[in-house]
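Enquirer: A predicted structure for the sequence below; I have some questions about it.
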Amino acid sequence: MIIDTHCHLDDDRYKDDLDEVINRAVENSVEMFIIPAGDPDTLGRAIEISESYANVYFAVGTHPYDAIKYNRDFLEEFISHPKCVAVGECGLDYYRLPDNEDEIKKEKKIQKDVFIDQIELANKYDKPLIVHIRDASRDSLEILESYAGKQGGVLHCYNADHELLKLEKHNFYFGIGGVLTFANARKLIEVYPRIPLDKLLIETDAPYLTPHPHRGKRNEPSYCTFIVQKMSELSGMSSDEIADITTQNAKRLFGI
(Lines give C-alpha, C1' and ligand atoms only; values in the text may rest on other atoms or scores of the structure.)
Protein backbone atom coordinates (compact mmCIF):
# COMPACT_ATOMS: atom_id res chain seq x y z
CA MET A 1 0.00 0.00 0.00
CA ILE A 2 1.16 3.52 -0.86
CA ILE A 3 -0.18 6.85 0.40
CA ASP A 4 0.09 9.87 -1.88
CA THR A 5 0.56 12.55 0.77
CA HIS A 6 0.31 15.49 -1.64
CA CYS A 7 -1.91 15.46 -4.71
CA HIS A 8 -4.13 18.29 -5.99
CA LEU A 9 -7.15 16.21 -6.93
CA ASP A 10 -9.23 19.39 -6.68
CA ASP A 11 -7.46 20.75 -9.78
CA ASP A 12 -9.64 21.35 -12.83
CA ARG A 13 -7.50 18.92 -14.81
CA TYR A 14 -9.26 16.06 -12.99
CA LYS A 15 -12.81 17.35 -13.20
CA ASP A 16 -13.77 15.03 -16.06
CA ASP A 17 -12.12 11.78 -14.94
CA LEU A 18 -11.52 11.88 -11.19
CA ASP A 19 -13.12 8.45 -10.67
CA GLU A 20 -10.81 6.93 -13.27
CA VAL A 21 -7.75 8.65 -11.76
CA ILE A 22 -8.52 7.31 -8.29
CA ASN A 23 -9.35 3.83 -9.59
CA ARG A 24 -6.10 3.72 -11.57
CA ALA A 25 -4.20 4.68 -8.45
CA VAL A 26 -5.85 1.99 -6.34
CA GLU A 27 -5.07 -0.58 -9.05
CA ASN A 28 -1.41 0.43 -8.61
CA SER A 29 -1.54 0.05 -4.80
CA VAL A 30 -1.95 3.79 -4.11
CA GLU A 31 -4.85 3.54 -1.71
CA MET A 32 -4.97 6.82 0.25
CA PHE A 33 -4.68 10.46 -0.80
CA ILE A 34 -4.22 13.87 0.83
CA ILE A 35 -5.30 17.04 -0.96
CA PRO A 36 -3.28 20.04 0.31
CA ALA A 37 -5.37 23.19 0.07
CA GLY A 38 -3.32 26.12 -1.15
CA ASP A 39 -5.99 28.49 -2.44
CA PRO A 40 -9.07 29.40 -0.35
CA ASP A 41 -11.07 29.54 -3.58
CA THR A 42 -10.67 25.79 -4.16
CA LEU A 43 -10.91 24.56 -0.57
CA GLY A 44 -14.59 23.77 -1.01
CA ARG A 45 -13.81 21.41 -3.86
CA ALA A 46 -11.14 19.61 -1.79
CA ILE A 47 -13.64 19.11 1.03
CA GLU A 48 -16.30 17.89 -1.38
CA ILE A 49 -13.93 15.28 -2.81
CA SER A 50 -12.87 14.10 0.65
CA GLU A 51 -16.51 13.66 1.61
CA SER A 52 -17.19 11.66 -1.56
CA TYR A 53 -14.27 9.22 -1.22
CA ALA A 54 -13.52 7.36 2.00
CA ASN A 55 -9.78 7.20 1.18
CA VAL A 56 -9.29 10.93 0.44
CA TYR A 57 -8.31 13.51 3.08
CA PHE A 58 -7.55 17.22 2.89
CA ALA A 59 -5.57 19.99 4.56
CA VAL A 60 -6.51 23.64 5.09
CA GLY A 61 -4.00 26.29 4.15
CA THR A 62 -2.87 29.12 1.93
CA HIS A 63 0.05 28.81 -0.49
CA PRO A 64 2.57 31.68 -0.33
CA TYR A 65 1.57 32.74 -3.86
CA ASP A 66 -1.93 33.34 -2.49
CA ALA A 67 -0.82 34.91 0.80
CA ILE A 68 -2.80 38.07 0.06
CA LYS A 69 -5.99 35.93 0.23
CA TYR A 70 -5.19 34.51 3.66
CA ASN A 71 -8.12 34.45 6.08
CA ARG A 72 -7.51 32.58 9.31
CA ASP A 73 -11.16 32.69 10.36
CA PHE A 74 -12.16 31.03 7.08
CA LEU A 75 -9.65 28.19 7.47
CA GLU A 76 -10.62 27.71 11.09
CA GLU A 77 -14.18 26.91 9.99
CA PHE A 78 -12.94 23.66 8.45
CA ILE A 79 -9.89 22.64 10.47
CA SER A 80 -11.96 20.43 12.80
CA HIS A 81 -13.61 18.59 9.90
CA PRO A 82 -13.08 14.82 10.41
CA LYS A 83 -11.24 14.54 7.09
CA CYS A 84 -8.88 17.48 7.74
CA VAL A 85 -5.45 16.08 8.65
CA ALA A 86 -3.07 19.04 8.36
CA VAL A 87 -2.49 22.75 7.80
CA GLY A 88 -1.04 23.59 4.40
CA GLU A 89 0.26 23.88 2.02
CA CYS A 90 1.86 26.95 3.54
CA GLY A 91 5.38 28.30 3.56
CA LEU A 92 7.66 30.68 1.69
CA ASP A 93 8.33 31.02 -2.04
CA TYR A 94 10.75 33.70 -3.24
CA TYR A 95 10.97 32.42 -6.82
CA ARG A 96 8.68 35.05 -8.34
CA LEU A 97 9.49 38.13 -6.30
CA PRO A 98 8.95 41.63 -7.78
CA ASP A 99 11.90 43.60 -9.22
CA ASN A 100 11.55 46.63 -6.96
CA GLU A 101 13.46 46.36 -3.66
CA ASP A 102 10.66 47.91 -1.59
CA GLU A 103 8.13 45.56 -3.17
CA ILE A 104 10.40 42.60 -2.44
CA LYS A 105 10.53 43.51 1.24
CA LYS A 106 6.76 43.96 1.32
CA GLU A 107 6.11 40.60 -0.36
CA LYS A 108 8.51 38.75 1.93
CA LYS A 109 6.90 40.28 5.00
CA ILE A 110 3.41 39.26 3.86
CA GLN A 111 4.55 35.69 3.19
CA LYS A 112 6.36 35.41 6.52
CA ASP A 113 3.44 36.82 8.52
CA VAL A 114 0.97 34.46 6.83
CA PHE A 115 3.31 31.49 7.26
CA ILE A 116 3.80 32.17 10.98
CA ASP A 117 0.07 32.60 11.52
CA GLN A 118 -0.65 29.24 9.86
CA ILE A 119 1.99 27.58 12.04
CA GLU A 120 0.27 29.03 15.07
CA LEU A 121 -3.07 27.76 13.74
CA ALA A 122 -1.58 24.27 13.38
CA ASN A 123 -0.20 24.45 16.91
CA LYS A 124 -3.58 25.49 18.28
CA TYR A 125 -5.31 22.45 16.77
CA ASP A 126 -2.35 20.05 17.04
CA LYS A 127 -2.22 19.50 13.27
CA PRO A 128 0.96 18.76 11.31
CA LEU A 129 2.13 21.24 8.69
CA ILE A 130 2.51 20.73 4.94
CA VAL A 131 5.31 23.16 4.10
CA HIS A 132 6.18 24.59 0.69
CA ILE A 133 9.69 26.06 0.41
CA ARG A 134 11.21 27.49 -2.77
CA ASP A 135 14.29 29.70 -2.84
CA ALA A 136 13.63 30.53 0.82
CA SER A 137 15.36 27.86 2.87
CA ARG A 138 17.11 30.12 5.38
CA ASP A 139 14.02 32.15 6.31
CA SER A 140 11.85 29.02 6.38
CA LEU A 141 14.28 27.19 8.68
CA GLU A 142 14.45 30.14 11.06
CA ILE A 143 10.65 30.42 11.24
CA LEU A 144 10.04 26.69 11.67
CA GLU A 145 12.67 26.32 14.39
CA SER A 146 11.15 29.30 16.21
CA TYR A 147 7.42 28.62 15.88
CA ALA A 148 6.62 25.01 14.88
CA GLY A 149 5.11 22.76 17.53
CA LYS A 150 5.93 19.20 18.49
CA GLN A 151 3.51 17.83 15.90
CA GLY A 152 5.97 18.80 13.14
CA GLY A 153 4.96 18.24 9.55
CA VAL A 154 6.37 17.53 6.10
CA LEU A 155 8.64 19.51 3.82
CA HIS A 156 6.67 19.15 0.62
CA CYS A 157 8.75 18.45 -2.50
CA TYR A 158 11.94 18.44 -0.45
CA ASN A 159 14.50 20.48 -2.37
CA ALA A 160 17.63 18.67 -1.11
CA ASP A 161 18.88 21.61 0.95
CA HIS A 162 21.28 20.06 3.49
CA GLU A 163 20.48 22.74 6.05
CA LEU A 164 16.80 21.74 6.12
CA LEU A 165 17.73 18.24 7.28
CA LYS A 166 18.04 19.82 10.74
CA LEU A 167 14.26 19.86 10.91
CA GLU A 168 14.20 16.09 11.36
CA LYS A 169 14.90 16.82 15.03
CA HIS A 170 11.67 18.83 15.15
CA ASN A 171 9.55 15.93 13.84
CA PHE A 172 9.57 17.03 10.22
CA TYR A 173 9.31 14.52 7.41
CA PHE A 174 10.58 14.87 3.85
CA GLY A 175 8.24 14.51 0.89
CA ILE A 176 9.85 12.70 -2.03
CA GLY A 177 8.22 13.12 -5.42
CA GLY A 178 8.80 12.74 -9.13
CA VAL A 179 11.83 15.04 -9.08
CA LEU A 180 13.84 12.09 -7.74
CA THR A 181 13.40 10.37 -11.12
CA PHE A 182 14.61 13.36 -13.17
CA ALA A 183 17.91 13.13 -15.02
CA ASN A 184 19.07 16.39 -13.37
CA ALA A 185 18.18 15.33 -9.80
CA ARG A 186 21.82 14.89 -8.79
CA LYS A 187 21.55 17.03 -5.65
CA LEU A 188 18.47 15.22 -4.34
CA ILE A 189 19.98 11.82 -5.14
CA GLU A 190 23.08 12.77 -3.13
CA VAL A 191 21.06 13.95 -0.12
CA TYR A 192 18.46 11.18 -0.18
CA PRO A 193 20.56 8.59 1.75
CA ARG A 194 20.91 11.09 4.63
CA ILE A 195 17.17 11.22 5.26
CA PRO A 196 16.15 8.82 8.07
CA LEU A 197 13.87 6.04 6.83
CA ASP A 198 11.27 6.91 9.44
CA LYS A 199 11.03 10.45 8.03
CA LEU A 200 10.34 9.62 4.36
CA LEU A 201 7.00 10.28 2.67
CA ILE A 202 5.84 9.75 -0.90
CA GLU A 203 3.99 12.41 -2.87
CA THR A 204 3.25 13.22 -6.49
CA ASP A 205 2.22 16.91 -6.34
CA ALA A 206 -0.14 15.85 -9.12
CA PRO A 207 -0.90 17.27 -11.65
CA TYR A 208 2.60 18.78 -11.46
CA LEU A 209 6.15 17.33 -11.49
CA THR A 210 5.32 14.17 -13.42
CA PRO A 211 8.00 11.51 -12.92
CA HIS A 212 10.05 9.88 -15.64
CA PRO A 213 9.05 8.22 -17.97
CA HIS A 214 5.87 10.33 -18.23
CA ARG A 215 7.36 13.82 -18.01
CA GLY A 216 5.36 16.32 -20.01
CA LYS A 217 2.05 14.61 -19.26
CA ARG A 218 -0.45 15.30 -16.50
CA ASN A 219 0.76 13.74 -13.28
CA GLU A 220 -1.53 11.52 -11.21
CA PRO A 221 -1.30 9.44 -8.00
CA SER A 222 -0.84 6.12 -9.82
CA TYR A 223 2.64 7.37 -10.75
CA CYS A 224 3.73 6.98 -7.13
CA THR A 225 5.01 3.60 -8.25
CA PHE A 226 7.81 5.23 -10.28
CA ILE A 227 8.90 7.20 -7.21
CA VAL A 228 8.89 4.04 -5.08
CA GLN A 229 10.96 2.23 -7.70
CA LYS A 230 13.59 4.97 -7.71
CA MET A 231 13.68 5.09 -3.90
CA SER A 232 14.13 1.31 -3.90
CA GLU A 233 16.98 1.56 -6.40
CA LEU A 234 18.80 4.19 -4.34
CA SER A 235 18.31 2.51 -0.98
CA GLY A 236 18.85 -1.13 -1.88
CA MET A 237 15.51 -1.98 -0.30
CA SER A 238 12.60 -3.62 -2.06
CA SER A 239 9.70 -1.58 -3.38
CA ASP A 240 7.42 -3.35 -0.91
CA GLU A 241 9.66 -2.30 1.99
CA ILE A 242 9.68 1.33 0.82
CA ALA A 243 5.90 1.30 0.40
CA ASP A 244 5.39 -0.16 3.86
CA ILE A 245 7.79 2.23 5.62
CA THR A 246 6.41 5.35 3.95
CA THR A 247 2.82 4.25 4.57
CA GLN A 248 3.47 3.80 8.28
CA ASN A 249 5.23 7.18 8.34
CA ALA A 250 2.24 8.90 6.72
CA LYS A 251 -0.23 7.25 9.07
CA ARG A 252 1.84 8.29 12.07
CA LEU A 253 2.23 11.91 10.96
CA PHE A 254 -1.31 12.53 9.73
CA GLY A 255 -3.19 10.24 12.07
CA ILE A 256 -4.97 8.33 9.31
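Expert: Cool, the structure landed.
Enquirer: Look up how far residue 134 lies from residue 95.
Expert: Separation of residue 95 from residue 134 (Cβ to Cβ, to the nearest Å) stands at 5 Å. Every C-beta, even on glycine, is put in place using the N, C-alpha and C of the backbone.
Enquirer: Same question for residue 117.
Expert: Residue 117 is 19 Å from residue 134, where distance means Cβ to Cβ.
Enquirer: hmm, back to that, higher neighbour count, residue 95 and residue 134?
Expert: Neighbour count, other Cβ atoms under 10 Å: between residue 95 and residue 134, residue 134 has more, with 17 against 10.
Enquirer: Quick check: nearest residue in space to the more buried one, chain neighbours excluded?
Expert: residue 93 (4.3 Å; Cβ to Cβ, 6 or more residues apart in numbering).
Enquirer: who's in contact with the one you found?
Expert: 63-65, 111, 132-136 (Cβ atoms under 8 Å, 6 or more residues apart in numbering).
Enquirer: Buried subset of the residues you listed, written for PyMOL?
Expert: Restricted to buried positions by 16 or more other Cβ atoms under 10 Å, the PyMOL selection for the contacts of residue 93 reads:
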select buried, resi 63+64+111+132+133+134+136
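Enquirer: which one among the contacts of residue 93 gets closest to residue 195?
Expert: Among the contacts of residue 93, residue 133 lies closest to residue 195 (Cβ to Cβ), at 15.2 Å.
Enquirer: show me the contacts for the nearest residue to residue 167 once chain neighbours are set aside.
Expert: In this structure, residue 167 finds its nearest non-sequential neighbour in residue 144, 6.0 Å apart by Cβ to Cβ, 6+ apart. With contact taken as Cβ under 8 Å, 6+ apart, residue 144 is in contact with 119, 131, 167, 170, 172.
Enquirer: can you redo the contacts of residue 93 as CSV with pLDDT and distance to residue 157?
Expert: Output for these, formatted as CSV (pLDDT from 0 to 100; distance: Cβ to Cβ, whole Å):
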residue, pLDDT, distance to residue 157
63, 96, 12
64, 96, 13
65, 94, 14
111, 97, 17
132, 97, 7
133, 97, 8
134, 96, 8
135, 95, 13
136, 96, 13
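Enquirer: nearest to residue 74, of the contacts of residue 93?
Expert: The closest of those, once distances to residue 74 are taken by Cβ to Cβ, is residue 63, at 14.4 Å.
Enquirer: Mind naming the longest helix for this structure?
Expert: Selection of the longest helix in the chain by residue count, based on DSSP state H, yields helix 101-125.
Enquirer: which helices and strands does that helix pack with?
Expert: If you count contacts as 3 or more Cβ pairs under 8 Å, 6 or more residues apart in numbering; DSSP states H and E, helix 101-125 packs onto helix 72-76, strand 84-93, strand 129-134, helix 137-147.
Enquirer: Name the residues of the last one that are buried.
Expert: The neighbour-count check on helix 137-147 (16+ other Cβ under 10 Å) flags 137, 139-141, 143-144, 147 as buried.
Enquirer: now swap in the first one and tell me
Expert: Using 16+ other Cβ under 10 Å as the burial criterion, the residues of helix 72-76 that qualify are residue 75.
Enquirer: Output the contacting helices and strands for it.
Expert: helix 101-125.
Enquirer: Just the residues contacting the helix it packs on, thanks.
Expert: So helix 101-125 is contacted by 61-62, 64, 67-68, 70, 72, 75-76, 79-80, 86-88, 90-94, 97-98, 127-129, 136, 139-140, 143-144, 147-149, 151, 153 (Cβ under 8 Å, 6+ apart).
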